[in-house]
Every structure is written in structure tokens, then in C-alpha cells.
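Undergrad: Generate a structure from the sequence data that follows.
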Amino acid sequence: MAPDPFLQPAEFLRYLYGVAVKRALPLHNTAGFLPAPPKGRTLVLGAGKAAGAMAQAVEALWPAQAPLSGLVVTRYRHIPPRPPGLAQRIEVLQASHPVPDAAGVEATRRIMALTQGLTEDDLVLCLISGGGSALLSLPAEGLTLDEKQRISKELLNSGATIAEMNCVRKHLSAVKGGRLALACAPARVITLAISDVPGDDPSIIASGPTVPDASTCADALAILTRLRIALAPAMLTALSSGRLETPKPGDPVFEGSQVHLIATPAQSLQAAALAAREAGLRAYVLSDEIEGESRDVGKVHAALARFVARQEQPFQKPCVILSGGETTVTVRTPGPGSARGRGGRAGEFCLGLAQALQGQPDVWALAADTDGIDGMESNAGARVEPATLNRALVAGMKIEDFLERNDAYGYFSGLNDLVTTGPTFTNVNDFRALLVL
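TA: Take a look at the predicted model:
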């Protein structure tokens, strides 16, 4: 039963987050997209934060008598508990996210090795979810893991959009941007994907390892140049010459392949909206594609919530305002003698929101990543209430100081207002909910 939003506003927002996550769990969404077993063998390959749960869903739903094998890679500690009696037929490995590591490289080598010897009678089920870009990591020829890690860190701190980051990742990879599908030929490839990107573009989800790539080496080079991210001379030459180009739309290798989105951000937001309406509130979904600097997006949400609270425009209260998408954080260089803070997109959104709300009465908020991990921290996100700023000041914390060093974790941890769930075993990106009473 849902908590009473008027008596337990913070608990009610946490409940809505749980509804959104549950809507995106693989076992609830996979059955309708599985094909019949092929004449040959069925090989399952995949990567992402939801890959372990997706593999278990396939194992539970695939006919017991039909052959099934494969390998997927997920983030450390993102393997869900195995249901009693469910036999394991798909191996699950773990690796680092968001910066790739040697375990991810080795897992990807093994995945690519499994594609050898496939025939037209075989079926490859590719299970793809957010986080796959870092986990499915096999550097392009001539690129070392150390160099790839440096570029990944600089991209993550640059404020680049997910589409920009993945454009670069595709062209510095031996597996992304359609190259996994190329390796699977001539087998039939069916991709089941959980979207974590604005617009649900399959070529951006986990950098599109099984779909054609319309971006170019020149695009990747332009992004790196604009962001002032240096390349080793050999990689600069490889990009400039087009040697690292990806398979493009129209390539015969993609004929007969299929991509199915089994869960999307919009579906989770709509599930949360329905739950809010069932609790007697109006519910409004702004968008599932909101991008931009997290703190700035928080300020815009705050302006909207204040207007609704004061003027009942453009929405009537009591209501819940929902949004999703993938915001970014440009990490500031700390001043002399100061340390860089901790936090992710959801926490920084809440910092910007709390600052701009100015303690507005009757407005509560929660922002969290649906995978249960906000950036590289242990929390999923944070919550904001009318008393947030005053409570922080009493504790000697000025929100401007925490924004300056990107320290959302420190701020909300000091208030005991972190939202901590542990891994959820799915990922449909940012979830934001504002409750205006």
C-alpha cells in the first residue's frame, strides 16, 4: 500500500521511485520479445548494469529442453540473487563502471571469442542495457587500456552528453558501434535492450554494439577537440584517416537483425504517474529526455514547483511532477587547499533544486538513478524537503560551498537525506519526482 502523501511525503516519493524501478525489471518485460528456438544453437551475449538480471530472465523463460549458453558482463555487485531452482546456463562476469578495467577487457575478449564459428542456423540474443559502454570494453587496435581509462575519466568530467561520449567510445572500440553484430555474422542477431538514454536511440544505448552507427570518426575527433581531450599520436592519425570507422546503416550485416526495447524511461515515469493518481494526486510527466547541467535542471524544476505552489499554474496542486533523462555534471577544479567532493547527477540536481527552492513550503522532492547508484557513490540519489536549507545551516553547511566542489554526497549525507537502495538490477536512467501539496 502506498504511504499517505500528505502525512508521509518523503516515504511517498520513495514509493514512486520503487514503482518506476519495478516497471523496468527484466523479468517483467522479456517474455513477449523472445523468439522461438532456432534450428541451430542459441548464444546469449550482453553487457550492462541490468545484464545479470536480463540473463536470469532469459534462463527462466527459455524452454528447458532448448539449448542455451552464453556470457554477459555486468557491474561489480550487480548480479541479482538467483531464484531457487533456476539453473544457470549463461555465465555472468563482473567489471568496472563507469571507468573500464582489465576485467571488462577480458570479459569482452571472451564474448568476441564466442562468436567464432556461428552459422546461419544459429541465433544470438544480445542483452544490452545502460553501463554497457564501460563494461563491454575492448580498445581499438593501438589503444592501451590506460589511455582508454584516461579518456573515459576526462569525458565523464567534461559535461559531455551521453550521445557525445558514446560517439567517442564507438570509434575507439573494437566491439561497439555495430562491431559485435559484425562478429556474429552470419548468425541471426536479436537485441533486447533496456534504454537509459534520452530518445531511446538503440545506437546510443551501451554505444550500440549490435546496431549500425551513423556517426563518424570525424564526429568523434571534433568532440574530443572541442572538449580539449588529448589523443596519442597513433590514435589521432587513426581517427583522422577514418581507419576506425564503424559499420554504417545499410550494411548487409544488419539485414534480418532486430532490436526490441523491453523497458524505457517513459514507461517507468508513466507507471509512477499512475501510482500517484491512484493515491489521489494529479500527476504530470514533463519529459523522459531532459538533458543539461544537473544543477541547472534542478533550478528549472524548482522554479516550476514554486510557481505551482504559489499560483497553481501551470499545474493544479496537490500534484506530482515527474521527469527523466540524463543530465550531466561538469566537475569543477577545486581551489588551492580544497578537495573535490563526491556525488553524482541526481545529488547535484538536488543541490541545485534545494538552493533555488529557498525553503518553499509544501514542496518535497526526490531524485535518484534507477540503477541504484548515483555516479560512483553508494547512494541512488537524495531527497529535498522544505526544511533542507535551514537544517543544513544549523549544521554549519552552506549549500554554495558544496556546489562549488560538486559535493552533493557530503551535503545530503550530513543531513541523513541520501536515498540508498543498493543495486536495483535494471537501469532506465534518472528519476525525478516533485511533490507539491
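Undergrad: Might you list the low-confidence residue ranges for this protein?
TA: 333-339 (pLDDT under 70).
Undergrad: Now the longest helix seen in it: buried residues?
TA: Scanning the chain for the longest helix, with DSSP state H as the assignment, gives helix 294-311. Using 16 or more other CB atoms under 10 Å as the test for burial, helix 294-311 gives 294-295, 297-302, 304-306, 308-309. C-beta here means a position set from N, CA and C on the backbone, and glycine is covered the same way.
Undergrad: Show me what S173 bridges to in the sheet.
TA: Beta-bridge partners of S173, counted by DSSP bridges, are P139.
Undergrad: before we move on, back to that, tell me which residues are up against the longest helix of the chain.
TA: By CB atoms under 8 Å, 6 or more residues apart in numbering, the residues outside helix 294-311 that reach it are 290, 313-317, 319, 321, 323, 327-329, 345-346, 348-358, 360-363, 365, 367, 403, 432, 434, 436.
Undergrad: Show the buried residues in those.
TA: By 16+ other CB under 10 Å, the contacts of helix 294-311 give 290, 315, 317, 319, 321, 323, 327-329, 345-346, 348-357, 360, 362-363, 365, 367, 403, 432, 434, 436 as buried.
Undergrad: can I assume V19 sits in a strand?
TA: No - looking at V19 with DSSP: H, G, I helix; E, B strand; the rest coil, it is helix, so not inside a strand.
Undergrad: Chain neighbours aside, what residue packs nearest to it?
TA: If the residues on either side of it in the chain are set aside, V19 comes closest to A275, at 4.6 Å by CB to CB, 6 or more residues apart in numbering.
Undergrad: wait, that neighbour sits on P3?
TA: No - A275 lies out of contact with P3 (CB atoms under 8 Å); the separation is 11.1 Å.
Undergrad: and P198, what is it in contact with?
TA: For P198, the contacting residues are I162, D288, E289, I290, E291, G325, E326, by CB under 8 Å, 6+ apart.
Undergrad: Which strand residues bridge the nearest residue to G159 once chain neighbours are set aside?
TA: Closest residue in space to G159, ignoring its immediate chain neighbours: T330 at 3.5 Å, by CB to CB, 6+ apart. Note on T330: beta-bridge partners by DSSP bridges are S158.
Undergrad: Any idea how many residues pack against T330?
TA: T330 has 13 neighbouring residues, counting by other CB atoms under 10 Å.
Undergrad: Pretty sure it sits against T161.
TA: No - here T330 does not reach T161: they are 11.6 Å apart, not a contact under CB under 8 Å.
Undergrad: if we can go back for a sec, with distance to S268 added, can I get the contacts of P198 in JSON lines?
TA: As requested, the contacts of P198 are exported to JSON lines (distance: CB to CB, whole Å):
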{"residue": "I162", "distance to S268": "17"}
{"residue": "D288", "distance to S268": "8"}
{"residue": "E289", "distance to S268": "13"}
{"residue": "I290", "distance to S268": "14"}
{"residue": "E291", "distance to S268": "17"}
{"residue": "G325", "distance to S268": "12"}
{"residue": "E326", "distance to S268": "14"}
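Undergrad: Spatially, which two of those residues are the most separated?
TA: Based on CB to CB, the longest span within the contacts of P198 runs between I162 and D288 and measures 13.4 Å.
Undergrad: higher neighbour count, those two?
TA: Using other CB under 10 Å, the more surrounded residue of I162 and D288 is D288, with 25 against 22.
Undergrad: Look up how far L182 lies from V124.
TA: 12 Å (CB to CB, to the nearest Å).
Undergrad: Between these two, point out the one with more neighbours.
TA: Higher neighbour count among V124 and L182: V124, with 27 against 18, using other CB under 10 Å.
Undergrad: can you pull up the bridge partners for that one?
TA: Beta-bridge pairing for V124 (DSSP bridges): L43, V189.
Undergrad: related to what we said a few turns ago, who are the neighbours in contact with the residue nearest to G159?
TA: Contacts for T330 (CB under 8 Å, 6+ apart) come out as N157, S158, G159, E293.
Undergrad: S203 too?
TA: S203 neighbours (CB under 8 Å, 6+ apart): G177, V211, P212, D213, A214, S215.
Undergrad: go again using 10 Å as the cut-off
TA: 163, 166-167, 170, 176-178, 197, 209-215, 246, 249, 259 (CB atoms under 10 Å, 6 or more residues apart in numbering).
Undergrad: So it versus L180, what's the distance?
TA: S203 is 13 Å from L180, by CB to CB.
Undergrad: and this structure, what are its domains?
TA: With domains defined by automatic domain parsing, the chain comprises 9-22+265-436, 25-263.
Undergrad: all helices of the stretch 251-400 of the chain, in order?
TA: Secondary structure of the stretch 251-400 of the chain (DSSP state H, counting those that start in this stretch): helices at 265-278, 294-311, 345-357, 388-394, 399-404.
Undergrad: quick check, distance from the fourth one to the centre of its chain.
TA: To tie it back to what came earlier, the one meant is helix 388-394. The chain centre lies 31 Å from the centre of helix 388-394; the measure is CA atoms, centre = their mean, to the nearest Å.
Undergrad: what's in contact with that helix?
TA: Contacts for helix 388-394 (CB under 10 Å, 6+ apart): 350-351, 353-355, 357-360, 364-365, 382, 385, 387, 397-399, 402, 411-412, 414-417.
Undergrad: repeat that with 7 Å
TA: With contacts defined as CB atoms under 7 Å, 6 or more residues apart in numbering, helix 388-394 is touched by A354, G359, I399, Y411, L415.
Undergrad: Neighbour-wise, give me the winner out of the residues you listed.
TA: Ranking these using other CB under 10 Å puts A354 first, with 30 neighbours.
Undergrad: Does that one touch V384 like I think?
TA: Yes - between A354 and V384 a contact is recorded at 4.7 Å, counting by CB atoms under 7 Å.
Undergrad: Pipe the contacts of helix 388-394 into JSON lines and attach distance to G142 per row.
TA: Output for these, formatted as JSON lines (distance: CB to CB, whole Å):
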{"residue": "A354", "distance to G142": "47"}
{"residue": "G359", "distance to G142": "55"}
{"residue": "I399", "distance to G142": "46"}
{"residue": "Y411", "distance to G142": "43"}
{"residue": "L415", "distance to G142": "48"}
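Undergrad: which pair in those residues spans the largest distance?
TA: G359 and Y411, at 15.1 Å, using CB to CB across those.
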